[in-house]
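K.L.:
the amino acid sequence is not available; the structure is as follows:
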């Protein structure tokens, strides 16, 4: 049973501990009331003394006893609680926190921490309620092949039609939930919704794959492959290639070898993967090398500034060439203007996604949009020839490298001064009247 023993003690009272050793095994919990004016943090030394004293072996009637203890601490003065029941609940919460560390441990009740924990659990319950009450929906952003003008796929993007807060984006309600089991529940819902849409697309003679995001927590679940196959088996008439699973490159994958095996196993069954937000994490090249994904999605941060930052242009050009060499489809995310799209196409990246094509489309409007889509005539007009564009890109990169050389010289004056004579300018063209600029 649960018996509470309330007593005032002086710290280090060994007689009390000897008496505790004689308590029957049923008496497993007790309370120590410490009367004093010090703050709760000052109880740390008291807790350590209690743990130390209890952990010593004691002999009672020729029998040796050793105790293991777990202590939860709260304070009446710190939290302003006057209910004895509240205090007991707080010590129990603190004791449970200490229990997570093992035996002979202690922890404090933290009102602010518990408030945040309560808010966290309320968010989880609200999300579960949203799933059950159909408050969530998927919007879809098409991917287009600029060389043919055809739609080659669409990414499913989660939205919450909140009854009080209107439309919520994932960043508004998913922060901090990626390592909680609710993320797996949400992933199941998204997968089923995407598969239901695939059925509608095929009925309308629109055979394009739907990409859905999966978290590392979901992917690393031991039952991931089994559960994925069970879900797909509910749609036997759908090809496995109707779904593409996107792994966020910014998320740390703890067991890279196991994830690689999962991707390879799924690939043999027709299920393809994509590496999303490439270039934003700390292990970009490692993931690109070890994860045999069919597709790589270049993060929009490399696309957005490509016209104004030659460094980004250099990275973009190199990434496109790298993906070509290792036979990966490359899709540029966040393309917002035609000029960005034309530059990407010229560099060899023909697959794009972004506002220049369309904003994410609600499901009920997707099929009508797909049936009407054509690549506009403005995409066909180029101001420069391919040769001229190649020269402009090369000049931009060379000028960037020249300015970088100057910057390094100014920062480290012991280096040799770069040659900035007009004859060595990348735009210089020798002629009969002397060197001139292009």
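P.N.:
Good, I have the coordinates. Owing to the predicted nature of the structure, the values given are computational and were not obtained by experimental measurement.

K.L.:
tell me the mean pLDDT for the helix or strand harbouring residue 87?
P.N.:
In the assignment (DSSP states H and E), residue 87 maps to helix 84-99. Here helix 84-99 scores 80 as its mean pLDDT.

K.L.:
neighbouring strands - and their directions - for the helix or strand following that helix?
P.N.:
Under the assignment DSSP H and E, the closest C-terminal helix or strand after helix 84-99 is strand 105-108. Strand 105-108 sits in its sheet next to strand 70-73 (parallel), going by DSSP bridges.

K.L.:
give me the residues contacting the partner strand.
P.N.:
40, 43, 47, 50-51, 90-99, 103-109 (Cβ atoms under 8 Å, 6 or more residues apart in numbering). C-beta coordinates here come from the backbone N, C-alpha and C atoms, glycine included.

K.L.:
show me where the stretch 51-200 of the chain has strands.
P.N.:
With strands called from DSSP state E, counting those that start in this stretch, the stretch 51-200 of the chain shows them at 58-60, 63-65, 70-73, 105-108, 136-145, 150-162, 166-168.

K.L.:
can you pull out the low-pLDDT segments for the stretch 151-300 of the chain?
P.N.:
Within the stretch 151-300 of the chain, the stretches with pLDDT under 70 are 249-252, 281-283.

K.L.:
just the helices in it please.
P.N.:
Assigned by DSSP state H, counting those that start in this stretch, the stretch 151-300 of the chain shows helices spanning 170-173, 182-203, 216-219, 224-233, 256-268, 284-290, 300-304.

K.L.:
what comes up buried for the fifth one?
P.N.:
What it means is helix 256-268. Buried residues in helix 256-268, counting neighbours by 16 or more other Cβ atoms under 10 Å, are found at 259, 260, 262, 263, 266.

K.L.:
cool, the fourth one as well?
P.N.:
Judged by neighbour count using 16+ other Cβ under 10 Å, the buried positions of helix 224-233 are 224, 225, 227, 228, 232.

K.L.:
residues touching the closest residue to residue 158 other than its chain neighbours, list them.
P.N.:
Nearest residue to residue 158 in three dimensions, chain neighbours excluded: residue 170, at 5.2 Å (Cβ to Cβ, 6 or more residues apart in numbering). By Cβ under 8 Å, 6+ apart, residue 170 lies in contact with 157, 158, 159.

K.L.:
ok, the closest residue to residue 207 other than its chain neighbours - contacts?
P.N.:
With sequence-adjacent residues excluded and distances taken as Cβ to Cβ, 6+ apart, residue 207 is closest to residue 201, at 7.0 Å. Shown in contact with residue 201 (Cβ under 8 Å, 6+ apart): 207, 208, 210, 242, 367, 370.

K.L.:
also residue 359?
P.N.:
residue 141 are the contacts of residue 359 under Cβ under 8 Å, 6+ apart.

K.L.:
offset the numbering so it begins at 832, please.
P.N.:
Got it, first residue is 832 now, which makes that one residue 1190.

K.L.:
gap between it and residue 1138?
P.N.:
Here the criterion is Cβ to Cβ, to the nearest Å. By it, residue 1190 lies 22 Å from residue 1138.

K.L.:
where exactly do the helices run in the stretch 1132-1269 of the chain?
P.N.:
1141-1156, 1169-1178, 1194-1203, 1217-1242.

K.L.:
please identify the most buried of those.
P.N.:
helix 1169-1178 (a mean of 19; mean count of other Cβ atoms under 10 Å).

K.L.:
angle of that one against helix 1141-1156?
P.N.:
50 degrees (axes from the mean of the first three to the mean of the last three Cα atoms, to 10 degrees).

K.L.:
helices or strands up against helix 1169-1178?
P.N.:
helix 1141-1156, helix 1217-1242 (3 or more Cβ pairs under 8 Å, 6 or more residues apart in numbering; DSSP states H and E).

K.L.:
let me see the mean pLDDT of the longest one.
P.N.:
What helix 1217-1242 shows for mean pLDDT is 67.

K.L.:
now stretch 893-907, how far from the centre of its chain.
P.N.:
41 Å (Cα atoms, centre = their mean, to the nearest Å).

K.L.:
tell me how far the ends of it are from each other?
P.N.:
41 Å (Cα to Cα, to the nearest Å).

K.L.:
kindly report the same for stretch 890-900.
P.N.:
End to end - Cα to Cα - stretch 890-900 spans 18 Å.

K.L.:
next one: stretch 971-981
P.N.:
End-to-end distance (Cα to Cα), stretch 971-981: 16 Å.

K.L.:
and the contacts of that stretch?
P.N.:
Contacts with stretch 971-981, where a contact means Cβ under 8 Å, 6+ apart, come from 982-988, 1028, 1041-1042, 1162, 1172, 1175-1176, 1181-1185, 1188-1192, 1194, 1197, 1200-1201, 1204-1206, 1210.

K.L.:
what do you get if the cut-off is 7 Å, keeping everything else the same?
P.N.:
982-988, 1162, 1172, 1176, 1181-1184, 1188-1189, 1191-1192, 1194, 1197, 1205-1206, 1210 (Cβ atoms under 7 Å, 6 or more residues apart in numbering).
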